[in-house]
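J.: here is my input; please provide its structure:
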Amino acid sequence: MGRMGAVLGVGFAAAAAAAAWRAARPAADLTGKGVLVTGASRGLGLLLARGFGACGARVVICARDRAELDRAVEDLGARGVDAHALVCDLRDPGETTAMMTAATAHLGRLDIVVNNAGIIQVGPLGALMRTDFEEAMDIMFWAPMRVIEAALPQLRENGGHLVNITSVGGKISVPHLLPYSCAKFAAVALSEGLDASLAGEGVRVTTVVPGLMRTGSHRRAFFAGVPAREYAWFSALGAGPPPISMDAERAAARIVHAVRTGRSYLVLTPPARVAILVHGACPQVTQWGLRMMNRVLPASGEERPTSGLDASRRADNAFLRTLTRLGDDASRRFNQLSPNGSGEEAAQR
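T.: All right, here's what the predicted structure looks like:
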């Protein structure tokens, strides 16, 4: 424990010094800047679009569902945000290219690109298939890679900023979230490598590593094996009260501020920072904890992934509703559900 304590002490001291240095830096003016946010019809992406728009930026958002996008644009417009929506399935290279061309045409120039789109598949290894891993990689690694390739010429020309939303699941691989963790590990590697590779080309890169946040995404994840049981543990953590999870609006505000101050790395939530430090210093400790976690998670079932909306009905009970009250409220406020509260779109993949 002495070695771990020393590492943690040095880490916290360095973080405090870096925070003090950043606090002294003036925040950049984003008025009139062109911002593209992927996966921004709901959840964290929508909140980031709100945040950049509140700073005076012009925003293009993209997602797969037109109805969700229309509601998001209405939400943003009511807040005075200059926003434009583009339907795009980022798994399709042709659609991605067309979306990037249309976004540039609308904005006139790209100054900030935020890779936020994602998918969450929850379940034991035996209930998942290779196609689940392929879909996770396609959405959270290859899709951002295609967006980056298309955006880099403009970002180089404009001295722009690339923001990659990764996850603590990309630093520590969590059981029952293996496709997600594999894709997020790749996303972290891509973002960190780009930060180093583009350092001399005038392009800033911010790697965002969120911990648990109340974005309402537990209603839009997919659950396999025994869906009701998988939903119960996942929502109790991801949609649970503080300090287990973080308010998503606060998280979005910190990400926007990190971009404005030129921060290259942002880890959100104290538990995520501690877990990353401990894993770096003593990985055998975290691996032991993950093995213990896997033992108490639901045993393997045979059901293929079903939506969080369906799984939530099966898992419904008063105790779980109490635990997830704040997260369920986030689902309603951040466009995770359709206006009648049914969230039909959750069944789409």
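
J.: okay, CA-based contacts and neighbour counts for the rest of this
T.: OK.

J.: I'd say residue 204 and residue 264 touch.
T.: Yes. If you go by Cα atoms under 8 Å, residue 204 and residue 264 touch, sitting 7.3 Å apart.

J.: mutual contacts of these two, please.
T.: residue 195 (Cα atoms under 8 Å, 6 or more residues apart in numbering).

J.: which other helices and strands contact the helix or strand hosting residue 131?
T.: Here residue 131 sits within helix 130-137, counting by DSSP states H and E. Judged by 3 or more Cα pairs under 8 Å, 6 or more residues apart in numbering; DSSP states H and E, the packing partners of helix 130-137 are helix 178-197.

J.: and the helix it packs on, what's buried?
T.: By neighbour count on 16 or more other Cα atoms under 10 Å, the buried set for helix 178-197 is 178-192, 194-195.

J.: tell me the helix or strand right after that helix.
T.: Using DSSP H and E, the next helix or strand after helix 178-197 towards the C-terminus is strand 204-210.

J.: tell me the angle of the helix holding residue 131 relative to helix 178-197?
T.: For helix 130-137 against helix 178-197, the angle by axes from the mean of the first three to the mean of the last three Cα atoms, to 10 degrees is 30 degrees.

J.: which SSE is immediately downstream of helix 130-137?
T.: Next element after helix 130-137 (DSSP H and E): helix 143-158.

J.: how far does that next one sit from its chain's centre?
T.: In terms of Cα atoms, centre = their mean, to the nearest Å, the centre of helix 143-158 is found 19 Å from the chain centre.

J.: quick check: angle from the helix or strand just after it to helix 143-158?
T.: As assigned by DSSP H and E, the chain's next helix or strand after helix 143-158 is strand 161-165. Relative orientation of strand 161-165 versus helix 143-158 (the same axes, to 10 degrees): 160 degrees.

J.: centre of the chain to strand 161-165, how far?
T.: 11 Å.

J.: stretch 126-138 now?
T.: Taking the mean of its C-alpha atoms, stretch 126-138 sits 18 Å from the chain's own mean (Cα atoms, centre = their mean).

J.: equivalent analysis for stretch 204-216, please.
T.: Using Cα atoms, centre = their mean, the offset of stretch 204-216 from its chain centre is 5 Å.

J.: can you give me the end-to-end span of that stretch?
T.: 30 Å (Cα to Cα, to the nearest Å).

J.: what of stretch 292-308?
T.: With Cα to Cα, one end of stretch 292-308 sits 25 Å from the other.

J.: helices of the protein, start to end?
T.: Secondary structure of the chain, counting by DSSP state H: helices at 2-23, 43-54, 66-78, 93-107, 130-137, 143-158, 178-197, 227-238, 248-260, 270-281, 283-296, 308-315, 318-323, 325-333.

J.: deepest-packed of those, please.
T.: helix 43-54 (a mean of 25; mean count of other Cα atoms under 10 Å).

J.: and residue 42, what is it in contact with?
T.: Per Cα under 8 Å, 6+ apart, neighbours of residue 42: 68, 72, 334, 335, 336.

J.: I'd like these laid out as a markdown table, including distance to residue 218 and pLDDT.
T.: A markdown table is the format used below for the contacts of residue 42 (distance: Cα to Cα, whole Å; pLDDT from 0 to 100):
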| residue | distance to residue 218 | pLDDT |
| --- | --- | --- |
| 68 | 17 | 97 |
| 72 | 19 | 98 |
| 334 | 12 | 96 |
| 335 | 13 | 95 |
| 336 | 9 | 96 |
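
J.: let me know the closest of these to residue 293.
T.: Ranked by distance to residue 293 (Cα to Cα), these are led by residue 336 at 28.5 Å.

J.: re the thing from before, neighbour count winner among residue 204 and residue 264?
T.: residue 204 (23 against 17; other Cα atoms under 10 Å).

J.: from residue 164, how far off is that one?
T.: Residue 204 sits 11 Å away from residue 164, taking Cα to Cα as the criterion.

J.: pLDDT weak spots in the stretch 201-349 of the chain?
T.: Low-confidence segments of the stretch 201-349 of the chain (pLDDT under 70): 340-349.

J.: cool, and the stretch 1-150 of the chain?
T.: 1-24.

J.: coming back round to it: can I get the helices of the chain in CSV with distance to residue 169?
T.: Shown next, in CSV, are those (distance: least, Cα to Cα, whole Å):
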stretch, distance to residue 169
helix 2-23, 20
helix 43-54, 16
helix 66-78, 27
helix 93-107, 26
helix 130-137, 13
helix 143-158, 17
helix 178-197, 5
helix 227-238, 12
helix 248-260, 17
helix 270-281, 9
helix 283-296, 12
helix 308-315, 19
helix 318-323, 22
helix 325-333, 19
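
J.: and of those, who's closest to residue 118?
T.: For the helices of the chain, the distance to residue 118 is smallest for helix 130-137, at 7.6 Å, taking Cα to Cα.
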